[in-house]
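> Structure for this input, please:
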Amino acid sequence: MASEYTVTAQYTPDPGNPGNTMFINTSVDSGVCAEVPRLCTADRLRSFMTSIDAVSDVGLIAREAYTNERYGAFFSLDGLFRFVTLTNEATGSTRTLRFAVAGYGGRYELSKSVDGGSGHNALWWGKTEPGGAWWQAPIPCFGGGTPGYTNLSFDFFWRTPHEKRSCVKLPVFDIPGPFKYTHFNLAYSLLTPNPLDMDAGVYSGRLVYSVGPGGDIDFGDRTVANDNSLTINFQLKVNASLKVDFPPGAYRAVLQPVQGWQGWMNSGKPVPSLSASHVFRIAGTGFFKAYLNCEHLIGQDCAISTDTQSGASQVPVDIAVSLPASIVQWPGNQPALKVPLKYGVENAALFKMGGLHGSQSAKMHYDVRAEHVAEMVENPGSTYRGLATIIFDVNL
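Just a heads-up that it's a prediction; the model follows:
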């Protein structure tokens, strides 16, 4: 129990189900929805226990309560949907969620025992209708539930409309003090933003409810709460997703002139550039980076190498990637066409996927420029080889 409570939710995209836009509420439940789930499941409510207690030291005086309902068993909660601004801790982008109190419950405690459930029922009238046991929510509250009772206490849960209205029970007899409310807990509705429109990362926000006469949570004028506010923190996490599928055989790229070696030798043209490519599939959402690890390295480029009589000969390979239109370079939002990839995470190229999408076609490009091919042909009969590992990483 705490005067602060944190609502947590998480979204993990599934490229195989791009229509899924549901956050999963990962908050730890306590209170009525944890104790009596059937009272909450139909409307997908969640609940949490607060540290708020309230007490009327003099009890509830029947004559006073009939004159002024705020001297009775008075509850007023703001059930309106509130808009909460969430901020991405890394990028600063903002989104809005909606939160509303949808019910409340707890336990009242007497200073003098009664005879079981019938004894509790005999203590109260409804505000707007004669009779009515405590567990029956008074209008405009509705529903209700009784997790349990003893001769000295009664547990309850009432649903509240999405507006600010009071729900009141009036004592039939004077109820001696101290008369207490304990185990006060709130049920809530949560409407989250569309995760497909959110950058990956953790979004945080805060909502404060005032407690006391005239406040968002109001126990009337006879009953005094032990706190004057309740803070609800929100943490929504949007996980990035990335799925990259290369076809069989894509581990090997054979570099050659566009028209093939035989075609070039028959053409009599100058030394050509060499190239190869692989088509692959990519799916996901959020941000990711791409970079290389290299067996042979020249500057920030991977290289291919051969052994000669005078030592190793190495030439660089330009490795680049072209991605579908839904994926852009970040920052700048430029099309991701033949974006150079370099060695090491510190030189990674950054990309942003615009919403979750299914598998789309992309392409890897491998090129050796003509001036470097001129070096290679000086070693006739040699085979140049090298290993380049292409790394796609959603952990920015």
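
> Please enumerate the helices of the protein.
Along the chain, counting by DSSP state H, helices occupy 32-35, 62-67, 116-121, 260-267, 370-376.

> Report the contact partners of the closest residue in space to G106 that isn't next to it in sequence.
Nearest residue to G106 in three dimensions, chain neighbours excluded: F184, at 4.1 Å (CB to CB, 6 or more residues apart in numbering). For glycine as for every other residue, the C-beta is placed from the backbone atoms N, C-alpha and C. F184 makes contact with 49-50, 52-54, 104-106, according to CB atoms under 8 Å, 6 or more residues apart in numbering.

> before we move on, what about N88?
94, 198-199, 201-203.

> quick one: which of the helices of the chain is nearest A276?
helix 260-267 (12.0 Å; CB to CB).

> How about residues contacting that closest one?
257, 259, 272.

> was I right about G103 contacting S189?
No - applying CB atoms under 8 Å as the test, G103 and S189 come out as separate, 9.4 Å apart.

> so what sits against both of these two?
L45.

> Looking at the contacts of F184, which has the smallest pLDDT value?
Ranked by pLDDT, those bottom out at G105, which has 90.

> For the closest residue to that residue other than its chain neighbours, the count of nearby residues, please.
Sequence neighbours aside, F157 is the residue nearest to G105 in space, at 3.5 Å (criterion: CB to CB, 6+ apart). By the measure other CB atoms under 10 Å, the count of residues near F157 is 25.

> rewinding a little: lowest average confidence across the helices of the chain, which one?
Averaging pLDDT over each of the helices of the chain puts helix 260-267 lowest, since it has a mean of 76.

> So which bits of that helix are buried?
For helix 260-267, a neighbour-count test (16 or more other CB atoms under 10 Å) marks W264 as buried.

> Now do G286 against L242, distance only.
As for G286, its distance to L242 is 8 Å (criterion: CB to CB, to the nearest Å).

> make that F173, sorry
68 Å.

> ok, now L186?
Separation of L186 from L242 (CB to CB) stands at 38 Å.

> So which of these two has more stuff around it?
L186 (27 against 19).

> What ranges in the stretch 251-396 of the chain fall below the confidence cut-off?
By pLDDT under 70, the weakly predicted segments of the stretch 251-396 of the chain are 355-357, 396.

> Could you list the low-confidence segments of the stretch 51-200 of the chain?
126-132, 145-147.

> hmm, 90 instead?
Flagging of the stretch 51-200 of the chain using pLDDT under 90 yields the residue ranges 89-93, 116-122, 125-139, 142-148, 195-200.
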